[in-house]
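Trainee: just need the structure, nothing else, for what follows:
(2 chains)
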There are 2 protein chains.
Amino acid sequence: MPIDPHSDIEVTAFEWVPDFARTYVRDFRVRWALEEAGRPYRTRLISAVDRPQDYFAEQPFGQVPAYRDTQVQLFESGAIVLHIGSSCEALLPADIVGRTRATAWLVAALNSVEPMLMELATVDLFAAGEPWAALRRPSLVEAIDKRLGHMSDTLGTRDFLEGRFTAGDLIMAAVLRGLDATDLLARHANLAAYQRRCLDRPAYAAAIAAQLADFRADAPIAA
Amino acid sequence: MPIDPHSDIEVTAFEWVPDFARTYVRDFRVRWALEEAGRPYRTRLISAVDRPQDYFAEQPFGQVPAYRDTQVQLFESGAIVLHIGSSCEALLPADIVGRTRATAWLVAALNSVEPMLMELATVDLFAAGEPWAALRRPSLVEAIDKRLGHMSDTLGTRDFLEGRFTAGDLIMAAVLRGLDATDLLARHANLAAYQRRCLDRPAYAAAIAAQLADFRADAPIAA
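Mentor: Below is the predicted model:
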């Protein structure tokens, strides 16, 4: 595992989150990209309960991850993965067609797929039990299923969205984990197999293990 | 206006949409980027009512815009704007810090701001009148206001998110138009002034005029 406290690359992560959020906090996306690229990194752990006020200067919304290396200081996991990919052909092909198509799928995951899955997380998790949540769910599930159907048609029998694994697949497979507690992905067999193919990569397992290893055992006491 | 039927750059757009959607269909984002870059383009108009089946091969979800030039065929307006910016310093600075920071804001707009505004569009427009929509609205508005507050703090007294206008501002200002029918942006004076500063650019006005000029007057009859 490329965790190296002396690395020039720093990724922020949370020191503790509740069980339901473990393996889902978005630093796993950046850790995964760094594992694919074979680049060691160090982590800086911050509190999710009391986000340090000066952290907002690095990450406007107080989210994780933030990222820094010898050249740049960045936020937004999608943008960080693009930056890592810009010097790693395993993530972003060097030819313009391969690079821009991978970027298109990365953006599609973040802007045409994930917004619906964020809303589903609100309905099923953060607002579960509120009267409106149960009423909203059927039309939302219908919209998600329709969008997955289009993606399933596009994927067809290909192993990856553009033939070979790229940063677009990394972010898409990560985003689709927002459906883990549902049967929505399983309804589209080729899409479910595609996501499995992405998550079976050793770099993904290493990233998840590294995130889990960073969590402290007990919840911190809020100030 | 750089509309040129012989251009090598093609942008798809809808031949007609209802009044409420005019100026909001996302091809305006790509048209705006092309205007900033001073690049002529041609449009290909498709039906929003009966989306051509073969169009899904170009745009997996049947959305507009899709884009092609002599080198690439792309979808997702965010990815298309990044591609245009990759050879246009007016949109993406050549230095790695400027380029990656602009990309971070572009991704933030698409993945940390727009998902909430998409949900607001569902609540206020597409599901208006449904009992759950009114119940959901207060907590959603609170979440949006909080996020805008963080962005307002980050922007401070700067003219643009990173000092000078970039593709990140273009997409952020475009995304914030999702609040046009509300007073949510006006609650944050510096953010409202920032968006106005972006939308006052001649390239924005040209893009909007070009989208409006492409709509046919009457609704097509659905097959």
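Trainee: got the buried residues for stretch A:93-113?
Mentor: Buried residues in stretch A:93-113, counted by 16 or more other Cβ atoms under 10 Å in any protein chain shown: A:93, A:98-113. Heads up, the C-betas are built off the backbone N, CA and C, glycines and all.
Trainee: contacting residues for A:P131?
Mentor: Shown in contact with A:P131 (Cβ atoms under 8 Å, 6 or more residues apart in numbering or on different chains): B:W132, B:L135.
Trainee: ok, and which of the buried residues of stretch A:93-113 reach chain B?
Mentor: A:T100, A:R101, A:T103, A:A104, A:L106, A:V107, A:A108, A:L110, A:N111, A:S112 (Cβ under 8 Å from any Cβ of the partner chain).
Trainee: buried set for whichever strand or helix holds A:L170?
Mentor: A:L170 is located in helix A:167-176, with elements delineated by DSSP states H and E. When burial is assessed from 16+ other Cβ under 10 Å, helix A:167-176 yields the following buried residues: A:A167, A:G168, A:D169, A:L170, A:I171, A:M172, A:A173, A:A174, A:V175, A:L176.
Trainee: which one among those gets closest to B:Y67?
Mentor: B:Y67 has its nearest neighbour among those in A:G168, at 16.3 Å by Cβ to Cβ.
Trainee: the closest one against A:A109, yeah?
Mentor: Yes - applying Cβ atoms under 8 Å, one finds A:G168 in contact with A:A109, separated by 7.1 Å.
Trainee: circling back to that earlier point, so which of the ones next to chain B among the buried residues of stretch A:93-113 belong to helices?
Mentor: A:T100, A:R101, A:T103, A:A104, A:L106, A:V107, A:A108 (DSSP state H).
Trainee: correct me if wrong: the fourth one contacts B:V81.
Mentor: No - contact status for A:A104 versus B:V81: not in contact, 11.3 Å apart, counting by Cβ under 8 Å.
Trainee: shaky segments in chain A?
Mentor: A:1, A:222-223 (pLDDT under 70).
Trainee: domains of it?
Mentor: For chain A, automatic domain parsing gives the domain ranges A:10-90+A:204-214, A:96-201.
Trainee: hang on, isn't A:A174 packed against A:D27?
Mentor: No - counting by Cβ under 8 Å, A:A174 stays clear of A:D27, with 11.1 Å between them.
Trainee: ok so, going back, helix or strand right after the helix holding A:L170?
Mentor: Downstream of helix A:167-176, the next assigned helix or strand under DSSP H and E is helix A:189-199.
Trainee: between helix A:167-176 and the top helix by length along chain A, find me the angle.
Mentor: Secondary structure of chain A per DSSP H: the longest helix is helix A:131-155. If you take axes from the mean of the first three to the mean of the last three Cα atoms, to 10 degrees, helix A:131-155 sits at 150 degrees to helix A:167-176.
Trainee: list the buried ones in helix A:131-155?
Mentor: Here helix A:131-155 shows A:132-133, A:135-136, A:140, A:144, A:147-148, A:150-152, A:154-155 as buried, counting by 16+ other Cβ under 10 Å.
Trainee: near chain B too, which of those residues?
Mentor: Counting by Cβ under 8 Å from any Cβ, the subset of the buried residues of helix A:131-155 that neighbours chain B consists of A:W132, A:A133, A:L135, A:R136, A:R147, A:H150, A:M151, A:T154.
Trainee: just give the nearest non-adjacent residue to A:I208, would you?
Mentor: A:T23 (5.2 Å; Cβ to Cβ, 6 or more residues apart in numbering or on different chains).
Trainee: how close does the one you found sit to chain B?
Mentor: 19 Å (Cβ to the nearest Cβ, to the nearest Å).
Trainee: now do the contacts for that residue.
Mentor: A:T23 neighbours (Cβ under 8 Å, 6+ apart): A:I208, A:Q211, A:L212.
Trainee: repeat for A:A186
Mentor: A:A192.
Trainee: now do 10 Å
Mentor: The contact partners of A:A186, by Cβ atoms under 10 Å, 6 or more residues apart in numbering or on different chains, come to A:L179, A:A192.
Trainee: A:G78 now?
Mentor: Taking Cβ under 10 Å, 6+ apart, one finds A:26, A:29-30, A:103, A:106-107, A:109-111, A:114, A:167, A:171, A:174-175, B:78, B:103-104, B:106-108, B:110-112 in contact with A:G78.
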